[in-house]
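# Would you be able to build a 3D model of this:
(one chain, ligands or ions: 1)
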Amino acid sequence: IGGGDEQQYDALIVGAGFAGIYTLKSLRDDLGLKCLCIDQAGDVGGTWYWNLYPGAMSDTESYVYRYSWDKDDLATYPWKEHYVKQPEVLAYLRHVTEKFGLRRDMEFETMLVGAEWVGEKEGWRVTVKGREGERTVRARYVVMGLGLLSRQNVPDIRGMDGFEGEMAHTGKWPAGLSVDGKRVGVIGSGSTGIQVISEIARKVKTLTCFQRHPQYSVPSGDRKVTTEYRQWVNENYDEIWKTVRDSTTAFGFKEKERQRIFQENWDKGNGFRFMFGTFNDISIDAEANEGACEFIRSKIDEIVKDPEKARKLKPYDLYARRPLCDGNASSGQTYFEQFNRPNVDIVDLKETPIDQIEAKGIRTGDGHLHELDVIILATGFDAVEGNYNRMRIHGRGGKTLKDAWEEGPTSMFGVHIPDFPNFFMINGPLGPFTDNPPAIEAQVEWITSIIQEAEKASTSSAVIEATRDGQRRWSEECEKLAANSLFWKAEDNWIFGANIPGKKRCLRFYFGGMGGFHEELRKCAANHYPGFEPFAQEQAVKA
Ligand code: NA7
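Coordinates of the predicted model:
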């Protein structure tokens, strides 16, 4: 690669969260590539660096919310509770970074501004902006580990700027902001909203929850990890990871057992288990779906003492959004239980919408001013492609991502886009809809192996590029798998981009499960990479 004074790398990795950390380790230590990993944050962590809101935790169980490839670490690295909280995830990611000496190839407070594909010999020319201003670097490969959910969705509410108290989006929580003893309003009741509410209800003076859609949430079942439990996990880790890798979450039960099974899984906890581990048709059959809805509604009636609050909290639409679960070991109480506290109230925005934000608080359509010291925006993210839209990335012939995604964001495997050679996304559009660390691992391992294969075949100028046909086939496969899903029909779902005004409503995930995804990758490699421009001998000739 030519390029004067520009620093030259084999691979530039963008993002130092779960994806970037593993990519750096894998490309640098396994393939021996010269890498630079950049992140606009001040340190590693990605999502877990920014999401400092009270109650932030993973709603995937601790033992699988980590990397699976370091067996020693799996057996010895401690975790306290069944769900890992933000400080623990961050500490874990820092630990992995230190353990493998990754920090020396990382640069923080540095963002990718733009990138252009120069040609097969030159690779990518990338403009980055760091502490010392802008500079350009060259890289043969660019890997984007931007995170699915990192660009905040800040709603446009009249009068927002005039609020005299403090206002914070959960995804960019200012370090040191405390809500204890204050009058707090929370807008949003997705995974994040219910975590914040469950954590702060007991600590604030008053809590007003502004809810647009009520949610089907089940208890997380969080509790301390016992020595016996940890020993069981350690002894069964191989089997656990095998199940995760092969999982399709499909198994059937007899109808008469329905209530017992719902109850059992409610008691065990975890939203994914409740939705996908009870009956295999909840997400595809409206009648089965209503069975689960009725069960959760009956639980809300049972738990919430004030019938008016219970009425507002009960959802009547499909149980077909990302499954939620709530309640952490330290609060000892679940989301719905919080509403039995006299200081906690719920405002149904369908009945009384927000009229405007004023200096002293939020005024709703009924003329009432809810006086507040702090407004928390738990309003979610411009998910999946949101982050890409603010970068200038030009592939072959100057083609932009905007051009490539004119009909809606798409890719092959969530990773590759035609006309963007040697450009890889981790969890790009049409990547797997599963627990995140295993999905990331699958994609990092795929990227590593395809680079390795291409380098074997073509030495210094390997070019890896999906064909239009490859991408079309993948997107057809994704459409086919999602066709029966009730998820399509749920309103305002971020999974389809419907939570952001003006964002195109279309499929953004592969719903074939982790097992299906691994199988697709395996078949592609075994069949000599159909769906890719050939990167065998002729690349060497071209070079
Ligand atoms: P979500 O799941 O997108 O939830 C955002 C919440 O904010 C949801 O309840 C929205 O209501 C609500 N919202 C969004 N915009 C507004 C406006 N303008 N007014 C009122 N309410 C609004 O984001 P989360 O951060 O909770 O979770 C994202 C993912 O992070 C989660 O799925 C996990 O994977 C981790 P709605 O229900 O759409 O009516």
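# hey, let's count contacts and neighbours off CA atoms from now on
OK.
# mind checking the SS state of residue 113?
strand (DSSP: H, G, I helix; E, B strand; the rest coil).
# Please look at it and residue 394 and confirm they touch.
No - counting by C-alpha atoms under 8 Å, residue 394 is not a contact partner of residue 113; they are 11.6 Å apart.
# which residues of the stretch 401-543 of the chain fall in strands?
Ranges of strands within the stretch 401-543 of the chain are 423-425, 431-432, 509-510, based on DSSP state E, counting those that start in this stretch.
# Which positions within the longest one qualify as buried?
For strand 423-425, burial by neighbour count (16 or more other C-alpha atoms under 10 Å) applies to 423-425.
# How far does it sit from its chain's centre?
When distances are taken as C-alpha atoms, centre = their mean, to the nearest Å, strand 423-425 is centred 17 Å away from the chain's centroid.
# What separation is there between residue 490 and residue 33?
Look at residue 490 and residue 33: by C-alpha to C-alpha, to the nearest Å, they are 45 Å apart.
# any low-confidence regions in this structure?
1-4, 150, 247-256, 384, 459-460, 491-492, 498, 500, 536-543 (pLDDT under 70).
# At the contact with the ligand, which residues of it appear?
By C-alpha under 6 Å from any ligand atom, the residues of the chain that approach the ligand are 155, 187-193, 212-213, 322, 378-381, 492, 494, 499.
# Skip the chain neighbours and tell me the closest residue to residue 56.
Spatially, and ignoring its direct neighbours in sequence, residue 56 is nearest to residue 86 (5.4 Å; C-alpha to C-alpha, 6 or more residues apart in numbering).
# Burial check on that neighbour, number of neighbours?
22 (other C-alpha atoms under 10 Å).
# Only the buried residues of stretch 340-356, if you could.
343-349, 352-355.
# And residue 113 and residue 394? Which one has more around it.
residue 394 (21 against 17).
# For the ligand, state which of the buried residues of strand 423-425 is nearest.
residue 425 (18.2 Å; C-alpha to the nearest ligand atom).
# ok, what's across the strand from the closest one?
When bridges are called by DSSP bridges, residue 425 pairs up with residue 144.
# residues touching it, list them.
Residue 425 makes contact with 143-145, 414-416, according to C-alpha atoms under 8 Å, 6 or more residues apart in numbering.
# can you pick the most crowded of those?
residue 145 (28 neighbours).
# ok, that one touching residue 24?
No - contact criterion C-alpha under 8 Å: residue 145 and residue 24 do not qualify, at 10.4 Å.
# who touches both of these two?
residue 13.
# Show me the strands in the stretch 201-350 of the chain, by range?
Counting by DSSP E, counting those that start in this stretch, the strands of the stretch 201-350 of the chain are 206-211, 217-219, 324-326, 344-348.
# out of the ones you listed, deepest packed?
Looking across the strands of the stretch 201-350 of the chain with neighbours counted as mean count of other C-alpha atoms under 10 Å, the highest average goes to strand 324-326: a mean of 27.
# for that one, packing partners?
Applying 3 or more C-alpha pairs under 8 Å, 6 or more residues apart in numbering; DSSP states H and E, we find strand 324-326 packed against strand 57-61, helix 191-200, strand 217-219, helix 271-276.
# Go ahead and name everything in contact with it.
With C-alpha under 8 Å, 6+ apart as the test, strand 324-326 has contacts from 59, 190-191, 194-195, 198, 215-220, 269-272, 334-335.
# Distance check, residue 406 against residue 282.
Plainly put, residue 406 is 33 Å away from residue 282 if you go by C-alpha to C-alpha.
# between the two, who's got more neighbours?
Counted by other C-alpha under 10 Å, residue 406 and residue 282 do not tie: residue 282 has more neighbours, with 24 against 11.
# count of residues packed around the closest residue to residue 192 other than its chain neighbours?
Nearest residue to residue 192, sequence neighbours excluded (C-alpha to C-alpha, 6+ apart): residue 378, at 6.0 Å. Close neighbours of residue 378, defined as other C-alpha under 10 Å, add up to 26.
# and residue 378, what does it touch?
So residue 378 contacts 169-171, 186-190, 192-193 (C-alpha under 8 Å, 6+ apart).
# How about residue 445?
With contact taken as C-alpha under 8 Å, 6+ apart, residue 445 is in contact with residue 26.
# Quick check: it vs the ligand, distance?
Distance of residue 445 to the ligand, computed by C-alpha to the nearest ligand atom, to the nearest Å: 22 Å.
# now do residue 104
The span separating residue 104 from the ligand equals 30 Å under the rule C-alpha to the nearest ligand atom.
# what does residue 400 give?
In this view, residue 400 and the ligand are 27 Å apart by C-alpha to the nearest ligand atom.
# cool, residue 297 as well?
17 Å.
# neighbours of that residue, just the number please.
Using other C-alpha under 10 Å as the criterion, the residues surrounding residue 297 number 20.
# hang on, it packs against residue 315?
Yes - Residue 297 is within contact range of residue 315, at 7.3 Å (criterion: C-alpha under 8 Å).
# overlap in contacts of those two?
residue 216.
# Now a PyMOL select for only the buried ones of the residues of the chain next to the ligand.
In PyMOL, a selection of the buried entries from these looks like this (16+ other C-alpha under 10 Å):
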select buried, resi 187+188+189+190+191+192+193+212+213+322+378+379+380+381+492+494+499
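# mind listing which of the residues of the chain next to the ligand are in helices?
Per DSSP state H, helices hold the following members of these: 191-193.
# what's the closest of these to residue 13?
The nearest member of those to residue 13, counting by C-alpha to C-alpha, is residue 192 at 27.9 Å.
# by how many degrees do the top helix by length along the chain and strand 57-61 diverge?
For the chain, the helix with the greatest residue count under DSSP H is helix 436-458. Put simply, helix 436-458 runs at 80 degrees to strand 57-61, going by axes from the mean of the first three to the mean of the last three C-alpha atoms, to 10 degrees.
# related to what we said a few turns ago, so which of the strands of the stretch 201-350 of the chain is nearest residue 135?
Using C-alpha to C-alpha, the strands of the stretch 201-350 of the chain put strand 324-326 closest to residue 135, at 42.9 Å.
# The stretch 51-200 of the chain: strands as residue ranges?
Under DSSP E, counting those that start in this stretch, the stretch 51-200 of the chain gives strands at 57-61, 83-85, 106-107, 111-119, 123-130, 133-144, 166-169, 183-187.
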